[in-house]
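*Asks:* How does the following fold in three dimensions:
(chains A, B and C)
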Amino acid sequence: MTTTPKLRAWLLTEDFTSARHARAHQAYLSWLRFSSNPLAFGGLAVVVLLALIAALAPWVAIYDPFAQDFSRALQSPSAAHWFGTDELGRDVYSRLVWGARTTLYIAILVTVIVGPIGFVIGATAGYLGGWVDTVLMRVTDIFLAFPSLVLALAFSAALGPGIENAVIAIALTIWPPVARLVRAETLTFRQSDFVVAAELQGASTPRILFRYIVPLCAPSVIIRLTLNMASIILTAAGLGFLGLGAQPPMPEWGAMAAQGRQYLLDAWWLTAVPGIAILIVSLAFNLLGDGLRDILDPKHGS
Amino acid sequence: MIEVKDLHVTFGTNHVVRGVDMTVSEGECFGLVGESGCGKSTVLGAIAGRVKRWQGSISAAEADLRPERRTLAQLRLQQMVFQDPFGSLHPRHTIGRALSEPLEIHGIPDREARIEQALDRVGLPRRFRFRYPHQLSGGQRQRVAIARALILEPKVLLLDEPTSALDVSIQAEILNLLKDLRQQQGLTYVLVSHDMAVVTHLSDRIAVMQDGTFVEVAPRAAMISGDLAHPYTRMLREGSLGYRPTEKEAL
Amino acid sequence: MAHEPLLSVRNLTVEFPSLHRIRPAVSSVSFDLGREKVGIIGESGSGKSTCGRAIMRLHPGRTRITADRMAFMGQDLLTLPERQMRAIRGHRIAMILQDPKYSLNPVMTVGEQIAETVILHERLPRRAARIRAMEMLEKVHIRDPERVMRLYPHEVSGGMGQRVMISMMLIAKPALIIADEPTSALDVSVRQQVLAILDELVTGSDMGLLFISHDLNLVRSFCDRVLIMYAGRVVEEIAAADLDRAQHPYTRGLLEALPSLTQPKDRLAVLQRDPAWGA
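*Replies:* So this is what the prediction gives:
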């Protein structure tokens, strides 16, 4: 990254000439702080790579992930098939590449569903307090009372196998901790002077929630959701492994690992390769989340 | 301008304000002084609408205020400046945003012009509106807080320890600013502070509070000359002048 | 004073290395302290607290403290090994901080904490330690020591807490007390009492007191001598009684910026800062 000295000076000065300038300055400082953390940077690199692979799957993959060729079944890794072939003769590398799409699809969809639900429930409960708080938090407690994988299993069994149902099932298990987090954050800001000042100016409750409280809770929720990505991916893989997530022949890392289980002794690559992929991506999301915490969370350093 | 009659505030079992009567006329600066926990901030909070449960009557500009709900017009009449300049501004709102929020809430047009005018009035450069609070010093933030309170053109400014978090030299700047603003705009102030010298510097009349009641309401001149009726007031005044070795016997 | 001063500091400099550069918080501060009350006055960021902490060597590892001389009763505090430094801290030099709530252990009663200190310093048996603790509380004018000893720190008021802190310091019979804004969190009425106790101890027990504060009126009336700090430097040193005749423009500016009860002014003078003061 080479920035011209002039641009750098413009980005670093605090003597702003416009709102855009101020935002560019903030973004540049965050970038400087983030890029000074090699682990977080590595996490970001892996996540970006994953996104690229998923977006460019048709070009990155060498073979058709669905093309079966029994004459080439269970071949070990070679120059032609980098990660070998499965029991139906499909190229594992190509399936892994296409599987990245499924994985990202699930992770992003769950996050998009969970974020707003957590915000609305948590902020409303925390800000309004009283019986609203009690009702919302008891509902949250009910969801929290079950182990998340068991709950996800129950939901996806009830809804029927399939990737959309898996997304709904995972979302139902992920939102309660987010709502709790938002509520706790809201409670710390509710009595602060700037919220009181807004109340005394006559700001309405939705205005205070969305303009004052949500922006302050956003960093910790983003961090939380990034860290959650790993557990979403693992839960999705778990559901796939148990046959409740993506259905064959759709390539999905958890399901791939599950199918390879029968050939574990003869064809280790069938389980090891998707397993390692899950491990690396989960780790990357965790590192990224920690890095984001350093730059976003005001409680960690200045 | 403000009339408070027999104000009582109770938090749980704690009777914080026990029957306070006060009248503040238009253009006056009324000071409230007392030690921590005496209820002075609670009185201010009840007038401002921050404290939502009280008994008695409060009227501002000849209109009775009710404890629970207030109309936008009633809120606009009086604005508050808080003690902690670090906590009273939203950390993720630029100064311009902080100043335009009240205008948006009240549907007031010409926001750009009003924001620039408000910054001029408190002596801050106009380009400060693109900054975030953490890029300003404590004194500058307190100026922003004053600008935010004034942007709605209130008649009354409620000041809750406006300078106690600031250094002496910055405090002088803010006190001068408050004095000038009152003169220019004919504002009415209610000032709460634990600092006798600050209250006396700004106020025309000073009420001394102890355990939720006024023990004495003294004019400024009496506070300066020391011609005070109540021993508690005299003790506070003596104490704020510095250390008196003779007080050892009081132990 | 012919004899050696209690504390002698020459060219004390404290630097905090930050990401971009090394920031000096205190530069070239020199002073002597005998058995007297010396005040350090300054605004936030002037380095007055950093000074006090540097004498106790209470700084995070990367801080650089240098001085030509920093001697306490002839011992060089800069080169003293950490083990001996720990013996001096709390034993020969005591420190009182602004808020006693953060200095007291919240899960032990006041009496246990004082007794603990007695046992540590005087190696007395527990029963004797309790009696000694009671004596200490009486010494700081706590009327009902029996009752106060059974209280937990959150149950005592700010002034009481500060007195308990002072009584704990006194067990070790320190020669020097560093008090960093000891009364800023206290109400006017209680402040007088705490100051009276400190005053009595310094004059009665022959101790030195370094009193760090932002409150001009307080320091002027309480201390014998005042150091005025600005941007990490001592800009002026003057007898407290002569503060009104201070020469330095910063000191003058501070005095004039202060609203006064006895000499009311219509407008307060605004301090014009001169960058040369800090250089």
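
*Asks:* for the residue nearest the centre of chain C, phi and psi?
*Replies:* Nearest to the mean C-alpha position of chain C, by CA atoms, centre = their mean, lies residue C:179 at 1.7 Å. In terms of degrees, to the nearest 10, the main-chain angles of residue C:179 are phi -110, psi 110.

*Asks:* Point out where the chain drops to low pLDDT.
*Replies:* In the absence of a named chain, chain A is used. Applying pLDDT under 70 to chain A picks out residues A:1-3, A:297-302.

*Asks:* should've been chain C
*Replies:* For chain C, the stretches flagged by pLDDT under 70 are C:1-3, C:18-21, C:278-279.

*Asks:* Enumerate the residues of it near chain A.
*Replies:* Proximity of chain C to chain A (CB under 8 Å from any CB of the partner chain) involves no residue at all. The C-beta positions use only the backbone N, C-alpha and C, and glycine is treated the same way.

*Asks:* Going along the chain, name the helices of chain C.
*Replies:* C:48-55, C:82-88, C:100-103, C:110-122, C:126-139, C:145-149, C:158-171, C:188-205, C:216-222, C:249-257 (DSSP state H).

*Asks:* The residue nearest to the centre of chain C reaches residue C:197, doesn't it?
*Replies:* No. In this structure residue C:179 lies outside contact range of residue C:197 using CB atoms under 8 Å: 11.3 Å.

*Asks:* Give me the contacts around stretch A:28-40.
*Replies:* Outside stretch A:28-40, the residues that touch it by CB atoms under 8 Å, 6 or more residues apart in numbering or on different chains are A:1, A:11-12, A:41, A:44, A:287-288, A:290-292, A:294-296.

*Asks:* Skipping adjacent residues, who's closest to residue C:153 in space?
*Replies:* residue C:104 (4.0 Å; CB to CB, 6 or more residues apart in numbering or on different chains).

*Asks:* Residue A:42 now?
*Replies:* Using CB to CB, 6+ apart, the closest residue to residue A:42 is residue A:287 (6.2 Å).

*Asks:* who's in contact with residue A:174?
*Replies:* Residue A:174 sits in contact with A:110, A:114, A:148, A:228, A:231, A:232, where contact means CB under 8 Å, 6+ apart.

*Asks:* gap between the residue in chain A that chain C sits nearest to and residue A:291?
*Replies:* Closest residue of chain A to chain C, CB to the nearest CB: residue A:36 (8.8 Å). Taking CB to CB, to the nearest Å as the measure, residue A:36 falls 10 Å from residue A:291.

*Asks:* Kindly report the same for residue C:100.
*Replies:* From residue C:100 to residue A:291 the distance is 39 Å (CB to CB).

*Asks:* likewise residue C:186?
*Replies:* On the measure of CB to CB, residue C:186 and residue A:291 end up 44 Å apart.

*Asks:* how about the residues of chain C that lie near chain B?
*Replies:* Contact residues, chain C versus chain B (CB under 8 Å from any CB): C:43-44, C:141, C:187-189, C:191-193, C:195-196, C:199-200, C:214, C:216-218, C:220-222, C:253-254, C:257-262, C:264-265, C:267-271.

*Asks:* Please list only the buried members of those.
*Replies:* Taking 16 or more other CB atoms under 10 Å in any protein chain shown as the criterion, what is buried in the residues of chain C next to chain B is C:43, C:187-189, C:191-193, C:195-196, C:199-200, C:214, C:216-218, C:220-222, C:253-254, C:257-261, C:268-269, C:271.
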